[in-house]
Each structure stands twice: as structure tokens, then as C-alpha cells.
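**Q** Quick one, structure for this:
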Amino acid sequence: MSDNSRVKVIPLGGLEQIGMNMTAFEYNDSIVVVDCGLSFPDDEMLGIDCVIPDITFLRENKEKIKGFVITHGHEDHIGALPYVLQEINVPVYGTKLTIGIIEGKLAEHELLDVVKRKVMKFGQSIHLGDFRIEFIRTNHSIADAAALAIHTPLGIIVHTGDFKVDYTPVFGDAINLTRFSELGKKGVLALMCDSTNVLRPGFTPSERTVGSTFDSIFASHTKSRIIIATFASNVDRVQQIINTACKYNRKVIVEGRSMVNIISVAREMEYLNIPDNTLISIEEMKNYTDEQLVLITTGSQGESMAALSRMAASLHRKVTINPGDTIVFSSTPIPGNEKAVSKVINELYMKGAEVIMHETHVSGHACQEEIKLIYSLVKPKYAIPVHGEYRHLKAQGELAVSMGIPKENVFLMESGDVLGIGKEDAKIVGKVPAGSVLVDGLGVGDVGNIVLRDRQNLAENGIIIVVLTLEKYTNQVLAGPDIVTRGFVYVREAENLIDDARDVVSNALDDCLKNGGADWGKIKMVVKDSLGEYLWKKMRRSPMILPIIMEVD
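**A** The predicted structure follows:
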């Protein structure tokens with residue numbers, strides 16, 4: 001069977017970690033890309049702002065790409081769009097709120113006039129090349145989340161996006177389980193299901209349960225100012241905070257750039273209902289007493305630049321944490337952020353605030369029973385777990401087998417694998433480039449492993465610059481060697497060490513130049529080796545050594 005008559009599923013991210021979700025679907029000359037997300041840098045990625053998927057495969061097949069189809073408006077699904085669309089300008093399809101949030105990003109990157117967007121309704125389909133893509137309503141921690149039924153010439157592939165089953169959502173309707181069941185009756189070729197919470201048994205509680213927790217917090221803290229940190233994109237959570245604030249006659253201040261942006265988009269599109277005179281600006285805060293105020297802020301993940309972290313560290317220009325303030329963390333730390341979050345909590349306690357974390361958050365992702373429900377409705381032939389680390393994918397693979405899917409029909413893929421699904425069978429038929437591209441400021445991909453290694457080295461050991469002036473032709477040392485250090489030792493307290501280091505370099509230079517014919521490369525090498533060896537012996541440290549040679553006529 002030729003490769004061309006297979007539907008190819010090509011994940012380019014989202015399978016090794018939570019984040020950076022992106023999957024290409026290919027059939028003959030049509031490619032459709034689902035989601036285009038970023039992930040956040042880990043501790044080793046010094047100075048990196050965000051991480052986006054490697055799009056070499058998309059770049060090489062640019063003319064086949066019919067569009068980006070987006071499941072929902074979270075950063076790990078839309079964050080890379082502004083970077084990718086600069087190279088691959090194709091239309092973007094998504095539901096109303098999702099497109100609203102994307103337009104905010106495109107405006108920031110001055111792409112609003114050049115990128116086509118189309119707002120899709122639930123139940124609607126769009127034809128893109130050989131594919132027909134249908135949007136199905138699901139629930140998640142952001143409104144307007146969609147699952148996708150990708151109708152291909154060989155059958156239907158269902159992609160759940162990030163989802164949970166919430167029968168009592170705060171905004172909009174419950175997940176359309178009927179449609180999943182109808183697709184299952186027709187016959188589904190493959191199911192790509194969210195694995196984030198697959199390790200948790202049972203069901204994910206409804207978003208509404210958080211509302212009653214807020215109510216009891218407000219009721220028992222009538223005298224203190226309440227500050228609630230949550231994800232900017234969790235519009236339903238913000239709605240519940242506002243509802244409770246109104247009930248207890250408190251004014252609401254929104255703080256944090258991403259929070260302000262998303263709330264204004266959601267309000268404009270009527271996904272948020274805020275009664276008049278509820279919101280006040282941060283400048284108006286001084287006109288009210290503590291018991292009349294609620295602050296909704298970013299920083300629930302301990303991000304150093306987010307509003308709550310700046311408040312905790314006394315760096316916020318307009319908000320000072322006072323003893324008696326009540327701080328509510330309405331989120332759980334994303335894996336890897338625990339250290340940053342506990343640092344912020346400790347700082348808040350030191351300022352005399354009370355911190356509440358209990359029952360103030362429910363997940364936006366399905367637990368085991370909801371994932372089983374989707375499998376039992378959809379009855380796929382093949383299972384392709386997505387969205388998670390390897391342990392999550394493996395656990396969902398085992399769950400799929402327990403739901404009656406043959407073991408050989410479960411594919412635990414890595415980013416870059418090409419799964420070819422044919423009429424008779426499915427198998428991995430190739431590999432495309434995949435990995436991480438680091439974004440630092442305006443530079444995309446210009447910081448690689450070598451630069452990161454240098455940053456690591458500079459951070460750990462500092463730098464020593466050795467400056468010398470040589471006479472042209474004779475290579476006589478006219479001035480220097482002068483030694484400048486940064487991040488290695490405090491020079492004023494280590495003058496002897498620096499003097500000795502200068503002597504070591506001078507002696508090594510004399511030996512090197514005595515024999516004549518030494519080129520600059522050799523001189524630099526001698527400086528590095530002699531100084532490196534001396535400092536290691538003396539201090540057991542290896543700073544970066546940068547020789548600078550000047551030539552004078």
C-alpha cells in the first residue's frame with residue numbers, strides 16, 4: 001500500500017511535556033495543523049522568554065498547508081502562532097473567544113492585517129483540502145473550548161483538545177456528549193485524547209464548586225482585603241470571583257497585563273458579565289477601605305515578573321501587602337513551578353498575610369472516568385494519547401487497552417514521529433525534525449545549546465578578560481596584560497590573586513613569544529591555558545577566559 005493513501009498524523013510538540021501542543025495532519029497534498037502552542041522555559045534556560053516547536057517540517061511543506069485549526073485560547077495551544085505565522089501565513093480557524101484572544105496576540109506582533117481569521121460555531125464544519133473539520137463543544141478552564149472531528153478520506157479522527165466533562169459549567173453549555181456518541185456509531189478511525197489528568201482516578205469536579213469555596217472565604221474574611229491569584233485565561237473563575245464580590249459589596253481591581261487583556265476581550269464578546277460600577281482602577285483603590293476591595297491578579301505560578309510575585313517581593317509600584325490581607329491561590333502549581341510558588345507564599349506570610357490554597361481550584365482536564373467515558377462513546381479503532389509527559393501517555397495507553405482497544409492499536413508517539421493510518425493498518429512510517437526553538441526577546445532560534453552553555457558557565461563561574469597590546473610585526477608586548485573580571489571575584493579584596501594571575505600570563509607570554517612566529521591563535525591559547533590552570537589550582541574554579549589582543553604600529 002503506497003504511503004500516499006495513508007492519513008499521516010505528525011505531532012510536532014505536546015508529547016514530551018505539558019505545553020507546546022502542535023499536530024499536523026497530512027493526506028496527499030493537504031496539510032492541516034491543529035494548535036500552535038508554546039511552553040515556558042525551565043530553570044536551565046537562562047534568559048529565555050518562551051519555547052516554541054521546531055517547524056522545519058511545516059516550512060518544507062509550506063504550499064500544502066491549508067490552515068491552523070485551534071481548539072482553545074490557552075498559551076500552550078496558541079502562544080507560538082505569532083512566531084509561526086510570520087513564516088507560514090495561512091488562515092486561522094477557531095471559536096469566537098479563541099479568535100478574540102488570538103487577535104490580541106496578532107495585534108501585538110503587527111500581524112492583524114495580514115493573517116486571515118475565521119470564527120467557527122460549534123457544530124459547524126470547514127473544508128480544508130482533503131479534510132473536513134468539525135467543531136464540537138467541550139468544557140475546559142477557558143470558555144469556547146472545542147474538540148475536533150477531522151473527517152478524512154479514510155475515516156474520522158477525533159481530537160479532544162484539552163477537555164473535562166462539566167455538566168454545570170459557569171458559562172455556556174455542557175460538553176456535547178451526544179455528538180461524540182453519534183461519531184462513535186458512524187465509526188471512528190482514531191482518538192487523540194488529552195492525557196494531563198489521566199493519573200487521577202474519578203471525575204474532575206465542576207468549575208462551580210470553586211464558586212461556593214469563594215463564598216465561604218468572603219463570608220469569613222469580612223474585615224480584610226482579599227487578593228486572588230489565578231490564570232488570566234480562566235474567564236469562568238474570574239466571573240465567579242466577580243459574582244461573589246458583588247454579593248459582598250466589594251469593588252474589583254484587575255491587575256497584571258495578561259489578565260487585563262483577556263478580561264477586556266471576554267467582556268467585549270460578552271463571555272464575562274460585570275455589573276456597572278464593580279470594576280475600579282488601581283489608582284482608585286485608596287478611596288476604599290480594605291473590606292471593600294478584591295484584587296484579581298496574575299502570578300499564581302510564582303512567575304517573577306507577574307503582579308503577585310512583585311507584590312510579595314515589595315517591588316509592585318501600587319500595591320503593598322499588609323498584615324491582615326487574605327491571599328487566595330486559585331490554581332495548582334504547574335509541574336516545575338513548585339519552588340517559585342512556595343517562595344512567593346513564604347514572602348507573603350512574612351508580610352503578615354494569610355494565604356489560602358485549599359479547595360480554591362479545580363482542574364480543567366478530565367480524570368480517568370471522563371477519559372473512559374469518551375473512549376466508550378467514540379469506540380476508536382486506534383488510540384493516540386496526546387498532551388502530557390511520557391508517564392501520562394503510557395497511563396492513557398493502558399486505560400485504552402482496559403477499554404477494549406487491542407494493544408497493537410495504541411500508539412505512544414514522540415514529537416516528530418509520522419504515524420501513517422491506512423485502510424488496513426496503522427504504523428510509524430517515518431520521522432520529521434521536531435524539537436524546541438528558544439525565543440529570547442525578538443530573536444527566535446538564535447539562542448542554541450552552545451549559547452545556553454555559555455550563559456550557564458557565566459552564571460556559575462563568571463568571566464575574566466585579559467587585554468594586551470602587541471607591537472605589529474615584532475609581537476613585542478607594549479601594554480598589559482590587564483585583567484578585568486566580572487562575576488568571578490570581588491577585585492578589591494583579591495588584588496594579590498589578580499597580580500599573581502597577571503604574572504602567570506606575562507611569563508607564559510614571554511615563553512611563547514621568545515620562540516617567535518607565534519600567531520594570535522597560539523597566543524590566545526597560551527593565555528587561556530596558563531591562566532585557566534593557575535586559577536583551577538588556586539581556587540578550583542573555571543571562569544570563562546576571554547583574551548583580547550590589540551596591535552599597534
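**Q** In stretch 453-468, which residues are buried?
**A** 455, 458, 462-464, 466, 468 (16 or more other C-beta atoms under 10 Å). Every residue, glycine included, has its C-beta placed from N, CA and C.
**Q** can you list the weak-confidence ranges in the chain?
**A** Judged against pLDDT under 70, the low-scoring parts of the chain cover residues 1-4, 42-48, 335, 440-452, 454, 473-475, 490-494, 515-518.
**Q** still on that earlier bit, mind listing which of the buried residues of stretch 453-468 are in strands?
**A** Taking DSSP state E, the ones among the buried residues of stretch 453-468 that sit in strands are 463-464, 466, 468.
**Q** With distance to I296 as new columns, can these be given to me in JSON lines?
**A** Supplementary listing: those in JSON lines, determined by distance: C-beta to C-beta, whole Å:
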{"residue": "I463", "distance to I296": "43"}
{"residue": "I464", "distance to I296": "49"}
{"residue": "V466", "distance to I296": "54"}
{"residue": "L468", "distance to I296": "59"}
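**Q** for these, which one is nearest T138?
**A** Looking at those and their distance to T138, the nearest is I463, at 51.7 Å (C-beta to C-beta).
**Q** Spatially nearest residue to that closest one (excluding sequence neighbours)?
**A** M544 (4.5 Å; C-beta to C-beta, 6 or more residues apart in numbering).
**Q** any chance you could map the strands in the stretch 451-553 of the chain?
**A** With DSSP state E, counting those that start in this stretch as the criterion, the stretch 451-553 of the chain has strands at 463-471, 477-486, 544-552.
**Q** okay, these, which one's buried deepest?
**A** The highest mean neighbour count among the strands of the stretch 451-553 of the chain belongs to strand 463-471 (a mean of 18), with neighbours defined as mean count of other C-beta atoms under 10 Å.
**Q** what's that one packed up against?
**A** The helices and strands touching strand 463-471, judged by 3 or more C-beta pairs under 8 Å, 6 or more residues apart in numbering; DSSP states H and E, are strand 477-486, helix 495-514, helix 520-539, strand 544-552.
**Q** Let me know the angle separating it from strand 544-552.
**A** For strand 463-471 and strand 544-552, the angle between their directions (axes from the mean of the first three to the mean of the last three C-alpha atoms, to 10 degrees) works out to 20 degrees.
**Q** Determine how far strand 463-471 lies from the middle of the whole chain.
**A** Between the centre of strand 463-471 and the centre of its host chain there is 42 Å, according to C-alpha atoms, centre = their mean, to the nearest Å.
**Q** residues contacting the residue lying closest to T332 once chain neighbours are set aside?
**A** The shortest distance from T332 to any non-neighbouring residue, by C-beta to C-beta, 6+ apart, is to H361 (5.5 Å). In this structure, H361 makes contact with 210, 230, 329-332, judged by C-beta atoms under 8 Å, 6 or more residues apart in numbering.
**Q** Which residues does stretch 281-296 contact?
**A** Under the contact criterion C-beta under 8 Å, 6+ apart, stretch 281-296 has outside partners 222-228, 230, 238, 241, 245, 249-255, 259, 280, 318-319, 322, 324-325.
**Q** Just the terminal-to-terminal distance for it.
**A** Stretch 281-296 has its terminal residues 12 Å apart, counting by C-alpha to C-alpha, to the nearest Å.
**Q** Quick one: distance of that stretch to the chain centre.
**A** Counting by C-alpha atoms, centre = their mean, stretch 281-296 is centred 32 Å from the centre of its parent chain.
**Q** List the buried residues for that stretch?
**A** In stretch 281-296, counting by 16+ other C-beta under 10 Å, buried: 285, 290, 293-296.
**Q** What about those residues, which are in strands?
**A** Using DSSP E to define strands, the subset of the buried residues of stretch 281-296 located there is 293-296.
**Q** List the single closest residue to F203 in space, sequence neighbours excluded.
**A** Spatial nearest neighbour of F203, chain neighbours left out: E369 (5.0 Å); criterion: C-beta to C-beta, 6+ apart.
**Q** and the one you found, how many neighbours?
**A** Other residues within reach of E369 by the criterion other C-beta atoms under 10 Å amount to 13.
**Q** one step back: return the closest of the contacts of H361 with respect to L58.
**A** Proximity of these to L58 (C-beta to C-beta) peaks at S331, which lies at 32.4 Å.
**Q** now that closest one, nearest residue through space, not along the chain?
**A** Taking C-beta to C-beta, 6+ apart, and ignoring the residues beside it in sequence, S331 has S300 as its nearest neighbour in space, at 3.9 Å.
**Q** Now D194: phi and psi?
**A** Geometry field for D194 lists phi and psi as phi -60, psi 130, criterion degrees, to the nearest 10.
**Q** I figured V198 hits I371, correct?
**A** Yes - look at V198 against I371 with C-beta atoms under 8 Å: they come within range, at 6.0 Å.
**Q** so what sits against both of those two?
**A** Taking C-beta under 8 Å, 6+ apart as the contact criterion, the residues that touch both V198 and I371 are 396, 399.
**Q** so how far is stretch 543-550 from its chain's centroid?
**A** Taking the mean of its C-alpha atoms, stretch 543-550 sits 37 Å from the chain's own mean (C-alpha atoms, centre = their mean).
**Q** if we can go back for a sec, the residue nearest to S331 looks like it's in a helix, true?
**A** No - remark: S300 does not belong to a helix; assigned using DSSP: H, G, I helix; E, B strand; the rest coil, it is coil.
**Q** Just give me the neighbour total for it.
**A** By other C-beta under 10 Å, 29 other residues sit near S300.
**Q** Also S216?
**A** Should you count by other C-beta under 10 Å, S216 turns out to have 11 residues around it.
**Q** tell me the contacts of it?
**A** Taking C-beta under 8 Å, 6+ apart as the test, S216 contacts no residue whatsoever.
**Q** How far away from the center of its chain is the helix or strand it falls within?
**A** If you go by DSSP states H and E, S216 is part of helix 208-220. Relative to its chain's centre, helix 208-220 lies at 29 Å (C-alpha atoms, centre = their mean).
**Q** number of nearby residues for E495?
**A** Residues lying near E495 (other C-beta under 10 Å) number 9.
**Q** Now tabulate the helices and strands packed on strand 463-471 in CSV and tack on distance to I384.
**A** Shown next, in CSV, are the helices and strands packed on strand 463-471 (distance: least, C-beta to C-beta, whole Å):
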stretch, distance to I384
strand 477-486, 50
helix 495-514, 59
helix 520-539, 51
strand 544-552, 45
